[in-house]
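Asks: Structure of the sequence below:
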Amino acid sequence: MSNDGQNRDFDSLLRRIWGEVRKKHFYPELARPQADDQLDDSVALEIKSKRIAVNRAFLDEMSRNLPMETVLEALLDHGVTHYTYCPWDFHTHLQLYQEAKRILGDKDMAQKSSDYFMDVVADTHCYKTKDTPLPELYRNLGGGELDQVMQALYQRIWGEDLGAGAEHEEVSRKLSRVPYLDRGSWVESINRFSKIIQVLLEAERDSGELDKPNPMGQSDFSRYSSEELSEGLKEFAMSSGEPGRFREVVGDFEEELSDLGLMSSSGMGEGAGSPLDADLLYYMKLAENYSIPVRKTPLEKSGDQYPYGHTPWEAGKPYRDIDPWTSFGKIMPGVTQIWERREGETHGEEESTPNCIVMIDSSGSMVNPKQYLSYAVLGAACASDAYLRNSASVGVYNFSDVEAGGRRLLDFSRKRRDIYESLCHYFGGGTRLDMTDIETFRDEKGSDVFLITDMQITNLETLIEYLSSMPNRITAVHIGENEHVRRFKTRLQKRSNLSIYSIQKKEDIPRIVLGKVREYLGRV
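Replies: Next comes the predicted model:
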C-alpha cells in the first residue's frame, strides 16, 4: 500500500478511536489529535495547546506486539485523563513541582518526579473509572529502571499481572501506600513519592540518564493556553505567600514561559520571548486577586431640561408639554398626557476615570518587596491595575530620601512593565519628599492621587500642607499605626476630597475605594 493510502487508513483509525475515547471521557474540550513524526522515537505523545500529538514511530514499534488501535486508545486515554483529572490546571502543576523541588532540591529531578507522579495519578484514575487498555500498554512498554519501578507499582495497585519482576517489589510496596486518588492530599503525596524515588533519580543524574525522556511524554507547560498560564500564575501567587517562593518556582521556567509569550499576554512584554521578571510578575498576578473599584468623576448638572416620562395632564398645567401622540388628540383630564422634564446631568461629556499619580514609600522602614510580601507594593499595584483597566494612565513617584537621590519618577504611562518596575524599586534609605516632583506630573483634567506609606516622613508637615491645597481626589493608605499616622489623620480627615485607609494585612486591600469622596458618595 502506498504512503498516501497508509496515511488515509491511519487518519480514519485515529478519527474512529478518538470518537470512542471522547465519548468515554464525556466529550472533553480538546482538539482532534494528530500524528507527529518529529517526536523522539522513544516518546509516545505530547500535549500542546490542548491538542494531543501521537508519535507514529512509537505506534509502529508498539504495534509489533499489540493491535494499533489498542495502543492508540491507551495513549489517548492517558492524554485525555491528564487534561480532565491530573494535573487539571496550571496552578496544580506548579504546586506539585514546587513540593517536589523542595524535597529534591534540583529542577530536573523535581520535574521528572512530578511528571511520573501525575502519570500515576492520571492512569490510575482512568483504570479505576474507565474501560481502558492501559494495562496492555504498560505490560509492553519497557524503558529504564524508573519505568520498571512504575510498572511494578501499577501491577501492585491495579491488581493485574504486568510482567514486573521481583527486584522492585520493596520500592513498589512503599509507593503503593501513597493515596494517589485523594486530590486534597496531592501535595503531601508527591512529597512522599519524591522521597521514595529520590535514590533512583540521583542514580540517573549521576549516570547522565536523567534527561532520558518519559516514554509517556513530558508534562511541560506548552500544554496550557496563555489564558490558563495567566490564571494559574494568579492563583499560584496567592498561594505562595511571599515573592521568594514564587520566584524560586517560576524562575526555574523563565525561558519556557518567556517563549510561550507569558509576559506579553499579561501586558508586560513586547511578544513571545520577552524576558520574564519573576518579582514583577508576582505582584502583578497577586494584584489581580484583589479587585479595587475606581469611582469615576461625578456628572455635573447641565441646567437644561429634557423629556423624561409621562404624567397625567391636569387643568392649569401648561399646554406646551402635552404629548398629542399618547393623548389620542384629546384635551381632557385622565386621558391627556404631558411630558415630565428633568435636568440633564452633563455638559456633553460622559463619566470618565482620571489618570492617577501613585506615590509609594520605599524607605528603610518599609518592607523590601523582593524579600518579603510588601503591602505597599501590593496596594500600589492594585491601584495601578484598577486605573489601567479603566483606560486611564498611571504615573509613579517612588520616594525614599529624595535629597540623597532616593527617588524614581515615571510619567503617565500605560506600559505595565515600566509601572511595575517603578513600584518594585526599593531604595531603603530615609524618608523625605520634594513637592516639586509631584508638580512634574502635568494633567490638564486633574489626576487622582494615591499615596501609600507608613507616614514616617521627616517633612510630613510640608506634605500635609501640600495635600491640603490640592483640589484632586486623594486616597491615602498607611501601613501600620504610629504617631505620624495619627497626626496625618487629625489634620486631613475632614477634607471632603481625601479618603484615608489602613492596611494591616492583605485582606484589608479590597476595602480601599479609589477616588471615593464624601461629597458625592451618596449619589453613587
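
Asks: For T336, give me the pLDDT.
Replies: At T336, the model reports a pLDDT of 67.

Asks: Please renumber the chain so that the first residue is 13 from this point on.
Replies: Fine by me, first position is 13 from now on; the one you just mentioned is T348.

Asks: ok, D446 - contacts?
Replies: 414-415, 419 (Cβ atoms under 8 Å, 6 or more residues apart in numbering). Where C-beta positions appear, they are placed from N, C-alpha and C, glycine not excepted.

Asks: Of these, just the buried ones, ChimeraX syntax please.
Replies: Selection of buried members from the contacts of D446 for ChimeraX, criterion 16 or more other Cβ atoms under 10 Å:
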select :414,419
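
Asks: Okay, and which of the contacts of D446 map to helices?
Replies: Taking DSSP state H, every one of these sits outside helices.

Asks: can you put the contacts of D446 in CSV and add distance to V66 and pLDDT?
Replies: Formatted as CSV, the contacts of D446 follow (distance: Cβ to Cβ, whole Å; pLDDT from 0 to 100):
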residue, distance to V66, pLDDT
V414, 62, 93
E415, 66, 91
R419, 58, 96
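
Asks: Okay, and which of the contacts of D446 map to strands?
Replies: R419 (DSSP state E).

Asks: tell me which of the contacts of D446 is nearest to E58?
Replies: Closest approach to E58 among those (Cβ to Cβ): R419, at 49.8 Å.

Asks: Reformat the contacts of D446 as a markdown table; add distance to I169.
Replies: Listed next are the contacts of D446 as a markdown table, based on distance: Cβ to Cβ, whole Å:
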| residue | distance to I169 |
| --- | --- |
| V414 | 65 |
| E415 | 69 |
| R419 | 62 |
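
Asks: Can you give me every residue that contacts the residue nearest to the spatial centre of the chain?
Replies: Closest residue to the average C-alpha location of the chain: K246 at 2.5 Å, with Cα atoms, centre = their mean. Applying Cβ under 8 Å, 6+ apart, we find K246 in contact with 297-298, 300-301.

Asks: can you redo those as a markdown table with pLDDT, distance to S480 and secondary structure?
Replies: Below are these laid out as a markdown table (pLDDT from 0 to 100; distance: Cβ to Cβ, whole Å; DSSP: H, G, I helix; E, B strand; the rest coil):
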| residue | pLDDT | distance to S480 | secondary structure |
| --- | --- | --- | --- |
| K297 | 93 | 37 | helix |
| L298 | 93 | 33 | helix |
| E300 | 91 | 35 | coil |
| N301 | 91 | 35 | coil |
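
Asks: Can you tell me which of those are classed as buried?
Replies: Using 16+ other Cβ under 10 Å, the buried ones in the contacts of K246 are 297-298, 300.

Asks: and which of the residues you listed is nearest N509?
Replies: Once Cβ to Cβ is applied, the member of these that ends up nearest N509 is E300, at 28.7 Å.

Asks: nearest spatial neighbour of the closest one, skipping sequence neighbours?
Replies: K246 (4.9 Å; Cβ to Cβ, 6 or more residues apart in numbering).

Asks: before we move on, what SS does the one you found have?
Replies: At K246 the chain is in helix, as set by DSSP: H, G, I helix; E, B strand; the rest coil.

Asks: Tell me which residues touch M162, please.
Replies: With Cβ under 8 Å, 6+ apart, M162 has these contacts: 128, 131-132, 150.

Asks: sorry, that was for S251
Replies: Counted by Cβ under 8 Å, 6+ apart, S251 has contacts 103, 107.

Asks: ok, now the one 10 residues further on?
Replies: Taking Cβ under 8 Å, 6+ apart as the definition of contact, the neighbours of V261 are 106, 109-110, 113, 248, 252.

Asks: Next: L42.
Replies: 34, 62-64, 92, 95.

Asks: Try it again at 10 Å.
Replies: Contact partners of L42, counting by Cβ atoms under 10 Å, 6 or more residues apart in numbering, are 30, 33-34, 59, 62-64, 88, 91-92, 95-96.

Asks: Ok, T104 next?
Replies: So T104 contacts 98, 130, 195, 198-199, 244, 247-248 (Cβ under 10 Å, 6+ apart).

Asks: from those, which would you call buried?
Replies: 98, 130, 198, 244, 247-248.

Asks: Report the buried residues of stretch 48-62.
Replies: 48, 51, 54-59.

Asks: so what pLDDT did the residue nearest to the centre of the chain get?
Replies: So, for K246, pLDDT stands at 94.

Asks: Repeat that for N509.
Replies: pLDDT, N509: 91.

Asks: L288 too?
Replies: pLDDT, L288: 73.

Asks: pretty sure it contacts L269?
Replies: Yes - L288 lies in contact with L269 (Cβ atoms under 10 Å); the separation is 5.5 Å.

Asks: Mind jotting down where the helices sit in the stretch 163-312 of the chain?
Replies: Ranges of helices within the stretch 163-312 of the chain are 181-188, 198-219, 238-252, 255-262, 266-271, 274-277, 290-299, based on DSSP state H, counting those that start in this stretch.

Asks: residue ranges with poor pLDDT in the protein?
Replies: 13-18, 273-287, 309-363, 527-536 (pLDDT under 70).

Asks: re earlier: any idea which of the contacts of V261 is the one closest to M482?
Replies: Of the contacts of V261, the one sitting nearest to M482 (Cβ to Cβ) turns out to be S252, at 37.7 Å.

Asks: Excluding chain neighbours, give the residue nearest to the closest one in space.
Replies: F258 (4.2 Å).

Asks: Surely the one you found touches Q110?
Replies: Yes - F258 lies in contact with Q110 (Cβ under 10 Å); the separation is 9.4 Å.

Asks: what is in contact with the two at once?
Replies: 248, 251-252.

Asks: do you know how far the residue nearest to E300 is from Y295?
Replies: Distance of K246 to Y295, given as Cβ to Cβ, to the nearest Å: 12 Å.

Asks: With M162 instead?
Replies: Distance, M162 to Y295, using Cβ to Cβ: 40 Å.

Asks: Just the closest of the contacts of D446 to D21, please.
Replies: Distances from D21 to the contacts of D446, taken by Cβ to Cβ, are shortest for R419, at 70.9 Å.

Asks: mind listing the strands in this structure by residue range?
Replies: Counting by DSSP E, the strands of the chain are 43-48, 57-60, 63-67, 317-324, 349-355, 368-373, 406-411, 419-425, 460-465, 486-491, 510-515.

Asks: I'd like to know which of these lies nearest to D118.
Replies: Between D118 and those, the tightest spacing by Cβ to Cβ is seen for strand 57-60, at 23.1 Å.

Asks: for that closest one, packing partners?
Replies: strand 43-48, strand 63-67, helix 80-96 (3 or more Cβ pairs under 10 Å, 6 or more residues apart in numbering; DSSP states H and E).

Asks: Let's see the first one as CSV, backbone CA atoms only.
Replies: Included here for strand 43-48 are C-alpha records, laid out as CSV according to Å, rounded to 0.1, in the frame of the first residue of the first chain:
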residue,chain,number,x,y,z
ALA,A,43,-8.9,19.4,19.6
ARG,A,44,-8.8,16.3,17.5
PRO,A,45,-5.4,14.5,17.9
GLN,A,46,-2.8,14.5,15.2
ALA,A,47,0.2,12.4,14.2
ASP,A,48,3.6,13.9,14.6
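
Asks: mind listing what that strand pairs with, with the direction of each?
Replies: strand 63-67 (parallel) (DSSP bridges).

Asks: Just want the angle from the strand it pairs with to helix 80-96.
Replies: 150 degrees (axes from the mean of the first three to the mean of the last three Cα atoms, to 10 degrees).

Asks: So which bits of strand 63-67 are buried?
Replies: Neighbour-count burial for strand 63-67 [16+ other Cβ under 10 Å]: 64-67.

Asks: quick one, what contacts L149?
Replies: Here L149 is in contact with 56, 74, 77-78, 82-87, 89-90, 135, 174, 227-228 (Cβ under 10 Å, 6+ apart).
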